[in-house]
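# what follows is a protein structure lacking sequence information:
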């Protein structure tokens, strides 16, 4: 029996039990090593209908779409049609954010690296027409600039929508058509859907969310987010097999299986090469490349991307040095714990690379003076207020606003404890995760300028 056969047998035997343990309704997976693939599926696509998940079922991949958008952008650079270090306005003269100087400086490279500096969680619905991205970019003119372009990492969905519009303008077609023509077709992919109208032609998963924290799972109220956010991860769905086929192209230095060159020689490696560091958040990569999330682990480099939409969650991990890729697609439940058990075990069977440990609060946290952290940090979709009571306990109050309210966001109160230098961490897990809260920068009066949660949320009024 080969190692890959052993992986297939383990997945077939263990994944259904792990799904029950972690309340995952349906899942699909695929594992690539060199030019061999094993795949499988279990559970149901929709708790309301009971339709079974199969290997031909399509799941939304969420923000893993950003790797596809980045690949489309790098194709343009490969062909000499786009300068990654020239201002975006050379391609999109209409592009503007709230800061005029930043508007003139922001480059495609900074958008790819999440260092452009403007607020990125903008989910404006500009309709379902082919002009959705064009209209979306026009709506960014008042978006606040959090820091100068290139200064630091702050995950930016809106930036990838701008990149999607760059693709449309330079290719003279829609983002959806460019993705099919420039990636799916040359890779021979058969189950890639860029919209609900395409997904319905396949066995399509729907997301599931908790009716209340810790409560039962129910079908998500809508299938997808707005089309305007498609390049950032609002719509794209596919099979796990097609997702690892995309990964294989990157591992094969840009070649499709039939020898067709999809990316120029060396471009995939440049995409996952180190570009910018992150705060030590634990739940995200340690650094980022041109689209790729990087995990610089003691056992080796792991690259990929996660994706979350409304009740659907995707994970793609690649070990470049071993030619291995693992895709896991799910539609609800405790997906992080499920992912760690499944993907962690597979990587252990095929490579020397291990998943990094997850952050967790200390058993006996020390009481600290939180004065540097206190105050309100404000974004378009929520306000975050940090306070400390008379007993020295630290609290974070989240108040949703704007698009987040329409997406079902609710007010939350979380207790935080000391985790490290300028870092706090929740006492209680959220969906199996403890997200460290990093406080960075200085407002000039001894207070943190940003609360960093992967996104830099700026102190209100500064």
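The structure has been received and is ready for your questions. Just so it is clear, the model here is predicted, and its values are computed rather than measured.
# helix or strand: which one has the residue lying farthest from the centre of the chain?
Most distant residue from the mean C-alpha position of the chain: residue 390, 38.3 Å away (Cα atoms, centre = their mean). Counting by DSSP states H and E, no helix or strand carries residue 390.
# for it, give its distance to residue 367.
For residue 390, the distance to residue 367 equals 12 Å [Cβ to Cβ, to the nearest Å]. Every residue, glycine included, has its C-beta placed from N, CA and C.
# please apply the same query to residue 448.
With Cβ to Cβ as the criterion, residue 448 and residue 367 are 19 Å apart.
# ok, these two, which is more surrounded?
Of the pair residue 448 and residue 367, residue 448 is the one with more neighbours under other Cβ atoms under 10 Å, namely 20 against 12.
# check which helix or strand covers the closest residue to that one other than its chain neighbours.
Ranked by Cβ to Cβ, 6 or more residues apart in numbering and with sequence neighbours excluded, the top spatial neighbour of residue 448 is residue 439, at 3.6 Å. Here residue 439, judged by DSSP H and E, is contained in strand 437-440.
# strands paired with that strand, and their directions?
Strand 437-440 pairs in its sheet with strand 423-426 (antiparallel), strand 450-452 (antiparallel), by DSSP bridges.
# run the chain-centre distance for stretch 426-446.
19 Å (Cα atoms, centre = their mean, to the nearest Å).
# who's in contact with that stretch?
Applying Cβ atoms under 8 Å, 6 or more residues apart in numbering, the external contacts of stretch 426-446 come out as 147, 152, 279-283, 334-337, 358-361, 371-373, 396, 414-417, 419-420, 422-425, 448-453, 456, 459, 462.
# next step: those restricted to strands.
Judged by DSSP state E, the contacts of stretch 426-446 include 396, 414-417, 419-420, 423-425, 450-452, 456 as members of strands.
# which parts of the stretch 301-450 of the chain are helices?
Counting by DSSP state H, counting those that start in this stretch, the stretch 301-450 of the chain has helices at residues 335-350, 403-406.
# lowest mean pLDDT across these, which one is that?
Ranked by mean pLDDT, the helices of the stretch 301-450 of the chain end with helix 403-406 at the bottom, a mean of 69.
# least confident secondary structure element in this structure?
helix 403-406 (a mean of 69; mean pLDDT, DSSP states H and E).
# return the residues in contact with residue 230.
65, 132-133, 161, 164, 175-176, 194, 236.
# and for residue 372?
If you count contacts by Cβ under 8 Å, 6+ apart, residue 372 has them with 422, 439, 446-448.
# select only the buried ones of those in ChimeraX?
Selection of buried members from these for ChimeraX, criterion 16 or more other Cβ atoms under 10 Å:
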select :439,447,448
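# of the contacts of residue 372, closest to residue 301?
residue 422 (27.0 Å; Cβ to Cβ).
# which strand residues bridge the nearest residue in space to the closest one that is not next to it in sequence?
Spatial nearest neighbour of residue 422, excluding adjacent residues (Cβ to Cβ, 6+ apart): residue 439 at 4.7 Å. Judged by DSSP bridges, the bridge partners of residue 439 are residue 451.
# distance of residue 439 relative to residue 381?
20 Å.
# per-residue pLDDT, residue 1?
As predicted, residue 1 sits at a pLDDT of 54.
# thought residue 283 was touching residue 357?
No - Residue 283 is beyond contact range of residue 357, at 11.0 Å (criterion: Cβ atoms under 8 Å).
# which stretches of the stretch 251-400 of the chain form strands?
Assigned strands in the stretch 251-400 of the chain, in chain order: 276-277, 287-288, 293-297, 300-308, 313-319, 324-330, 375-378, 382-388, 394-400 (criterion: DSSP state E, counting those that start in this stretch).
# okay, these, which one's buried deepest?
Mean neighbours per residue, mean count of other Cβ atoms under 10 Å, is largest over these for strand 324-330, with a mean of 28.
# helices or strands up against it?
With contacts taken as 3 or more Cβ pairs under 8 Å, 6 or more residues apart in numbering; DSSP states H and E, strand 324-330 sits against strand 26-33, helix 240-251, strand 313-319, helix 335-350.
# strand partners (parallel or antiparallel) of the first one?
Right, strand 26-33. By DSSP bridges, strand 26-33 pairs with strand 36-43 (antiparallel), strand 324-330 (antiparallel).
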